[in-house]
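K.L.:
sequence-free structure coming up:
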């Protein structure tokens, strides 16, 4: 299938990208292109223009800045997968990246592209929620920071407004006593998550001092499993406690369902994946 | 012959071009002045075509023509025929472009021809078409309901045929004295073939000579030519040349004659320009003939010694909207005749209802009828073993036909010529470590892990087929094969075969046979196929027939070459032909190797004809048409080991052992490759692949985002073994191996899953074993156990 006709612009800087966006308000931003281009080929998307931001200077790379890891929006999944900085400071993302697509997708696809696209079954969103990441969004009027909890607003919808560009993702570096894990149950065809759960759990003196647990794939967008988190904090995290905490993690009424996996089944999978992720996070706590 | 090549794992000579992207496929071709076709396909499973207004499309620059069903009828283009007739078969018309009613999602409603593909595809979107959607039916048994929407007025009640085989009264009698019977309702779900190369066709018309050339993705170019020329276009066959170049996989789906071929041929003549079409993957999902789709009720009876008394089968076969080329044969003669398996079944009876529905046509797909039969037989054998509380391997052993019973007349028409089933079973048990595995299974269950072991002691009839026999059964085709062995003056050899390679490695395996017989280097032999302009008439490649039938034709033609070569050599050596031997590539008088003639000497003299016997024709070329005396009957035992995760329902393949008997292997590397691919497809059906139509006949799984084909990480390293029982009736002793993996592995995997679920009290579950289906079965079984405990 062919796309409809479109104009192509390549931005060299954030300012240039924002100026092009202002001049082409109906344009789509092109990063790795691994979601947008297939959608255009199927004519599910027919933007009049593309603004390629994949080569924007300074948007690709991973660095430690104090107690935060800063990931440029145009950093590829492959860069994430093989980053020594992340392996030490944010092992969760090192686990997540190799589960995305295949090597070709990971070589092209970007963190920022995936987050801004906000596919309900994408892997990163649950991790960003569990990590308590924040997103830096640029516009002609300056920069603003949006916490992950406010970033994913709906199916393919985020806090990024028209005319804005997601530039970087800030992730708190793991602290002592913190464990991180992601457990993905993938659709056998698309390999997207039917239910993926990310857990970041901290223990202190034998009990859980904080827990951030989030799911992706099962619902309309990634979301925190706050009931599970609340049930864990302050508890001695035995398998029985975890089992009890994940029970009823999410209601089927909040979830998607299709011929392959009903909402009821997805709700069950969220419990199973949450249990696995929490237990593994606890096991890996440093 | 020598055995320098036969039986050796020679690397495939075709692979360098395939893996370096230099293969030559239909889509790669371009001709001066070529135009492109794009299809408007029905978005509805059933719709009346009220009107088609092409004004806006035709106004686009570059759009050359818009074709409708009416245009084809006006041009006297005929209906696409089916190639196999059954008694009282309903054969409603199948027009390349639906003139009045579209009968499945994907049915062609109009075609646009334009200067380039993008323009053609854009113009399709500009066709103003008024469609009146009608009620549709997708499931075979639903189509038989009294109030079901009618797919064709020519087929009341949507019944295409009723067919039976075997002795119903004998089965009845044996069931009456049974010690135990089991009954299962089995759904063998539908599959999308998904060859890696989508279908493509390019047509050229020569106005001066009124001749057509069609390049197309065909497994059998002569069948395409016969159907297209004689039935659809109504032209003499010699006015149509069909060329099938490199083809990237078929699995049956490229046997059939499809609408798009008709459309490009007609358009090429109408516009007097070459016209090409190639399928988008999304078109393949809704237009390549699909596979399987049976709903079956099966019953098996045993006596008190656990010997099978009889099998009774009633099947509804969903044929889709139209009868494609071999559609009527697949759920009948390729299915019912295989319901005896490897066993002594004293009585078998099968009744099949072929049903029209508003879905893509169903026809041969790797195994074609035999996987469906094997699934019924092997599933029932395992079910009965479970019912009797005995080991499924030993239950099979107890019922095997014994080696001294061949030839064996089954109650369902076939005569098995040879077989020796126990050694394959024994080897499979040893390879899988059966006794130890059962212990591990017990221990794992105690720890809440659910491992299952499944068997399939399959048999297939392939090497299609004795022409007289298939003629009696309704085939509108012969099933012999042809070969021409053409020796050049330099001793190089060109072999023309009616077989067609689309992944099978014929260029390698056939060259191994010929090179050995002629005692020349393999590099001196070229295998040529896929062009009706070059080949003698041949029937193509499907039904694992090429080695047994095509290979035998070559072997016989080569024998004629050798006979003549020996006579020329004898003449040159001034000896009697019977005194001349052919050793190490040389002809010499027995005992006098010093004075010899090479194959080159003989080939050159045959062409120079300066010194050949007076009564001999010059040249060195031979043709043979080989009609097999019987099918060949490969068999074996496959064992699948799976683990079911009770938490999620996900099934994981842990181990897979295949022991196959395809007779002597021409090339073990190619044979094992066939087994690997076959197992992947069969396991894929059991665990992953599922063609889902909703109630409106929409294909829900119409892309690789939804339709799960197996990938490397879904599978394991297969453990492959062989036994060798040669076919007694063909000159190579070979059987077939192209479909064995698929035929055996679906049933083995299904039996393994059910074995894994046995602790939950689950006696049967339909494929595919997708996670939710398995999880729900476990939940239901647990609830039932709880209920029973509460009561």
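P.N.:
Cool, got the structure. Keep in mind the model is a prediction, meaning the values are calculated, not measured.
K.L.:
Touching, residue A:246 and residue A:276? I think so.
P.N.:
No - assessed by CB atoms under 8 Å, residue A:246 is found out of contact with residue A:276, at 9.3 Å. Yep, even glycine has a C-beta here, placed from its N, CA and C like the rest.
K.L.:
so what are the domain limits for the chain?
P.N.:
All of this refers to chain A. Here the domain parsing of chain A from automatic domain parsing is A:7-52, A:62-172, A:178-284.
K.L.:
Hmm, no, I was thinking of chain B.
P.N.:
According to automatic domain parsing, the ranges for chain B are B:31-134+B:196-249+B:254-287, B:291-464+B:630-790, B:480-626.
K.L.:
right, and the secondary structure at whichever residue of the stretch 651-791 of chain B sits closest to chain A would be what?
P.N.:
Nearest to chain A, among the residues of the stretch 651-791 of chain B, is residue B:708, at 3.8 Å (CB to the nearest CB). For residue B:708, the assignment made with DSSP: H, G, I helix; E, B strand; the rest coil gives coil.
K.L.:
ok, back up a step: looking at residue A:246 and residue A:276, which is more packed in?
P.N.:
residue A:246 (27 against 21; other CB atoms under 10 Å in any protein chain shown).
K.L.:
what's the distance between the more buried one and chain B?
P.N.:
Going from residue A:246 to chain B by CB to the nearest CB, to the nearest Å gives 12 Å.
K.L.:
now residue A:23
P.N.:
Residue A:23 is 27 Å from chain B, by CB to the nearest CB.
K.L.:
And for that residue, the neighbour number?
P.N.:
Residues near residue A:23, counting by other CB under 10 Å: 11.
K.L.:
With mean pLDDT added, can I get the domains of chain A in JSON lines?
P.N.:
As requested, the domains of chain A are exported to JSON lines (pLDDT from 0 to 100):
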{"stretch": "domain A:7-52", "mean pLDDT": "95"}
{"stretch": "domain A:62-172", "mean pLDDT": "97"}
{"stretch": "domain A:178-284", "mean pLDDT": "97"}
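K.L.:
I'd like to know which of these is closest to residue B:391.
P.N.:
Residue B:391 lies closest, by CB to CB, to one member of the domains of chain A: domain A:178-284, at 32.0 Å.
K.L.:
Residue B:66: which of the domains of chain A is closest?
P.N.:
Among the domains of chain A, if distance is taken as CB to CB, the winner is domain A:7-52, at 20.5 Å.
K.L.:
and whatever residue of the stretch 401-550 of chain B ends up closest to chain A, what element?
P.N.:
Nearest to chain A, among the residues of the stretch 401-550 of chain B, is residue B:448, at 13.5 Å (CB to the nearest CB). Using DSSP states H and E, residue B:448 is not contained in any helix or strand.
K.L.:
Please see if the strand or helix carrying residue A:37 touches chain B.
P.N.:
In this assignment (DSSP H and E), residue A:37 forms part of helix A:36-41. No - judged by CB under 8 Å from any CB of the partner chain, helix A:36-41 makes no contact with chain B; its nearest approach is 9.4 Å.
K.L.:
How many residues are close by the residue of the stretch 501-650 of chain B found nearest chain A?
P.N.:
Nearest residue of the stretch 501-650 of chain B to chain A: residue B:647, at 5.0 Å (CB to the nearest CB). When neighbours are counted by other CB under 10 Å, residue B:647 registers 17.
K.L.:
so what's the nearest residue to it once chain neighbours are set aside up against?
P.N.:
Nearest residue to residue B:647, sequence neighbours excluded (CB to CB, 6 or more residues apart in numbering or on different chains): residue A:272, at 5.0 Å. Counting by CB atoms under 8 Å, 6 or more residues apart in numbering or on different chains, residue A:272 touches A:185, A:195, A:246, B:647-648.
K.L.:
Is residue A:272 part of a helix or strand, or is it coil?
P.N.:
helix.
K.L.:
partners of the lengthiest strand in chain A in the sheet?
P.N.:
Secondary structure of chain A read by DSSP state E shows that its longest strand is strand A:193-204. When pairing is defined by DSSP bridges, strand A:193-204 lines up against strand A:178-186 (antiparallel), strand A:207-216 (antiparallel).
K.L.:
Could you point out which of those sits nearest residue B:285?
P.N.:
strand A:178-186 (21.4 Å).
K.L.:
Could you pull up the contacting residues of the residue of the stretch 651-791 of chain B closest to chain A?
P.N.:
Residue B:708 neighbours (CB under 8 Å, 6+ apart): A:187-189, B:684, B:688-690.
K.L.:
Show me the one in the residues you listed that has more neighbours than the rest.
P.N.:
Neighbour max across the contacts of residue B:708 (other CB under 10 Å) = residue B:689, 28 neighbours.
K.L.:
residues from the stretch 201-350 of chain B in reach of chain A?
P.N.:
Counting by CB under 8 Å from any CB, the stretch 201-350 of chain B sits next to chain A at B:280, B:282.
K.L.:
Do a quick rundown of the helices in the stretch 201-350 of chain B.
P.N.:
Taking DSSP state H, counting those that start in this stretch as the test, the helices found in the stretch 201-350 of chain B are B:221-226, B:259-271, B:281-287.
K.L.:
Run through who's touching the last one.
P.N.:
Meaning helix B:281-287. A:1, A:42, B:39, B:41, B:104-106, B:108, B:192, B:194-195, B:198-199, B:258-260, B:279, B:360, B:699, B:701-704, B:707.
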